[in-house]
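A.B. asks: Here is the input, now give the coordinates:
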Amino acid sequence: MAKAAIIIAIVTAAGAGALAAVFFGANQTQAHIDPPDAERPSSGAPSDAVALAEETPASDAPGAPTPDDMAWIPSGEFTMGWNGTDGRPDERPAHRVRVSGFWIDATEVTNAQFKAFVEATGYVTLAEKPVDWELLKTQVPPGTPKPPKEALAPGSLVFTPPSYHASHHTEWWTWVRGANWRAPEGPGSSIDDRMDHPVVHVAWDDANAYAAWAGKRLPTEAEWERAARFGNDQGRFIWSGTELEPGGEHRANVWQGSFPETNSKADGFARTAPVRSYPPTPSGLYDMAGNVWEWTSDRYREDHYRTRVAEAGDAPIENPTGPPDTLDYRNPYAADSRVQKGGSFLCHASYCSSYRPSARMATTPDSALCHLGFRCVKDAPGP
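C.D. replies: Modelled structure (predicted):
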């Protein structure tokens, strides 16, 4: 790859970091850029809610009412990571982790829920603001020229299937001006008939702001994987067995057909699906595989599992909250990159197979995209 192409894997990112890849990607391959929508003024500094992402999970304690539409995950050990042949280096080695009990949203945060937050607070997401060049230039090689103003208009990346069997991610992502959580495919699209779908085009700061408003926080990566694996520890998938479609049954909203040009929609969906469209996990969680990637609070380092296992030895690692700094080959110039889990409707065995609970992706906190959302956790006494 050319030196700037590795700034981000656009398949998992948007926002300033992804825009850098669009403009300065491998061999100067240019993604399509749609006409601008009306610009909105920036609302200023990131939300103070970001600080909540660094909190440590609370311990178990009985007796409180059950939070609405959340599932309780009790304290316990599980195997985090994956040593299987379809695992990537950053998933290895598999290792024992212990987390305290916590509540987690049964579903990804929906458009209806996010709309209620915006109406109550007046919040403006990062995708609805002009791209911040001062931030963007810290994520690209020094000396990179500033893009023209119109290229920095509010927008986000939208998956656009090519008409041929493409091999590079810049061939199936389009920077769409005016694309945001209200208009997932850009101007002319709407969420009016998708209120029960997961909200998308939300950056890490946006997710933290919602969580703080709701009295919750983003899960750590360990909490997220513990919840996904609960009842099926050490499994390849969040369901029993090693088949993606056991008994021919679709268990997650993922890509069917030939990626990226042909989606047969055998599961009934071309993009996001309504939450609760597929069977839940044993603990009552939906869409922990596929549909949309989900933000966690952890910073990302490709070598983090190897480092922490070397430090801990055979002892289980207690309530890990991620590394203190970032090392991400997709974003080599970025000072911060955050972990995402769960895979999305774009995952396919020929490309990423990231519908496995151990799979990890990451990008810069200012990033947003049409297949990226989140769910929250809550520190409260257990049932």
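A.B. asks: contacting residues around Met80?
C.D. replies: Remark: with contacts taken as Cβ atoms under 8 Å, 6 or more residues apart in numbering, Met80 is in contact with Ala94, His95, Arg96, Val97, Ala222, Glu225, Arg226, Tyr305, Ser358. Yep, even glycine has a C-beta here, placed from its N, CA and C like the rest.
A.B. asks: out of these, what pair is the most spread apart?
C.D. replies: Pairwise distances among these were taken by Cβ to Cβ; the largest, 15.0 Å, belongs to Arg226 and Tyr305.
A.B. asks: Which of these two has more residues huddled nearby?
C.D. replies: In this view Arg226 and Tyr305 are compared by other Cβ atoms under 10 Å, and Arg226 has more residues nearby, 30 against 23.
A.B. asks: Would you agree the more buried one falls within a strand?
C.D. replies: No. With DSSP: H, G, I helix; E, B strand; the rest coil as the criterion, Arg226 is assigned helix and is not in a strand.
A.B. asks: That one contacts Thr79, correct?
C.D. replies: No. With contacts counted by Cβ atoms under 8 Å, Arg226 stays clear of Thr79, the gap being 9.9 Å.
A.B. asks: which residues do those two both contact?
C.D. replies: Between them, Arg226 and Thr79 have Val97 as joint contacts when contacts are counted by Cβ under 8 Å, 6+ apart.
A.B. asks: returning to what we had before: would you reformat the contacts of Met80 as a markdown table and include secondary structure, distance to Val292 and pLDDT?
C.D. replies: Output for the contacts of Met80, formatted as a markdown table (DSSP: H, G, I helix; E, B strand; the rest coil; distance: Cβ to Cβ, whole Å; pLDDT from 0 to 100):
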| residue | secondary structure | distance to Val292 | pLDDT |
| --- | --- | --- | --- |
| Ala94 | coil | 25 | 96 |
| His95 | strand | 27 | 96 |
| Arg96 | strand | 29 | 97 |
| Val97 | strand | 24 | 97 |
| Ala222 | helix | 20 | 98 |
| Glu225 | helix | 17 | 98 |
| Arg226 | helix | 20 | 98 |
| Tyr305 | helix | 24 | 96 |
| Ser358 | coil | 18 | 95 |
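A.B. asks: which of those residues lies closest to Arg338?
C.D. replies: Nearest to Arg338 among the contacts of Met80, counting by Cβ to Cβ, is Ala222 at 14.2 Å.
A.B. asks: Give me the neighbour count for that closest one.
C.D. replies: For Ala222, using other Cβ under 10 Å, the count is 22.
A.B. asks: Quick check: the gap between it and Pro316.
C.D. replies: As defined by Cβ to Cβ, to the nearest Å, Ala222 lies at a distance of 11 Å from Pro316.
A.B. asks: Overlap of the contact sets of those two?
C.D. replies: Residues within reach of Ala222 and of Pro316 at once, by Cβ under 8 Å, 6+ apart, are Val97.
A.B. asks: tell me the pLDDT at Ala64?
C.D. replies: With respect to pLDDT, Ala64 scores 49.
A.B. asks: is it true that Cys352 touches Ala359?
C.D. replies: Yes. Taking Cβ under 8 Å as the contact criterion, Cys352 and Ala359 are neighbours in contact, 7.4 Å apart.
A.B. asks: Name the residues contacting each of those two.
C.D. replies: Gly343.
A.B. asks: can you give me the helices for the chain?
C.D. replies: Using DSSP state H, the helices found in the chain span residues 15-24, 111-121, 133-136, 204-213, 221-229, 304-312.
A.B. asks: Who are the packing partners of the fourth one?
C.D. replies: With contacts taken as 3 or more Cβ pairs under 8 Å, 6 or more residues apart in numbering; DSSP states H and E, helix 204-213 sits against helix 111-121.
A.B. asks: Contacts for the helix it packs on, please.
C.D. replies: Surrounding helix 111-121, the residues in contact under the criterion Cβ under 8 Å, 6+ apart are 123, 181, 191, 194-199, 202, 209-210, 213-214.
A.B. asks: Tell me which strands the lengthiest strand in the chain pairs with, and in which orientation.
C.D. replies: Ordering each strand of the chain by length in residues (DSSP state E) puts strand 293-299 first. Here strand 293-299 is paired, per DSSP bridges, with strand 338-341 (antiparallel), strand 372-373 (parallel).
A.B. asks: CSV for the contacts of Met80, including distance to Leu244?
C.D. replies: Formatted as CSV, the contacts of Met80 follow (distance: Cβ to Cβ, whole Å):
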residue, distance to Leu244
Ala94, 20
His95, 25
Arg96, 26
Val97, 25
Ala222, 25
Glu225, 19
Arg226, 22
Tyr305, 24
Ser358, 15
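A.B. asks: Between those, which sits nearest Ala334?
C.D. replies: Tyr305 (20.3 Å).
A.B. asks: for the strands paired with strand 293-299, which one ends up most surrounded?
C.D. replies: Each of these was assessed for mean neighbour count using mean count of other Cβ atoms under 10 Å. The highest is strand 372-373, with a mean of 30.
A.B. asks: Now do that one, average pLDDT.
C.D. replies: Averaging the model's pLDDT scores along strand 372-373 yields 98.
A.B. asks: Contacts for it, please.
C.D. replies: Surrounding strand 372-373, the residues in contact under the criterion Cβ under 8 Å, 6+ apart are 12-14, 108-109, 198-202, 207, 291-295, 340, 344.
A.B. asks: Nearest to Cys370 among the contacts of helix 111-121?
C.D. replies: Out of those, the member with the shortest distance to Cys370 (by Cβ to Cβ) is Trp181, at 9.8 Å.
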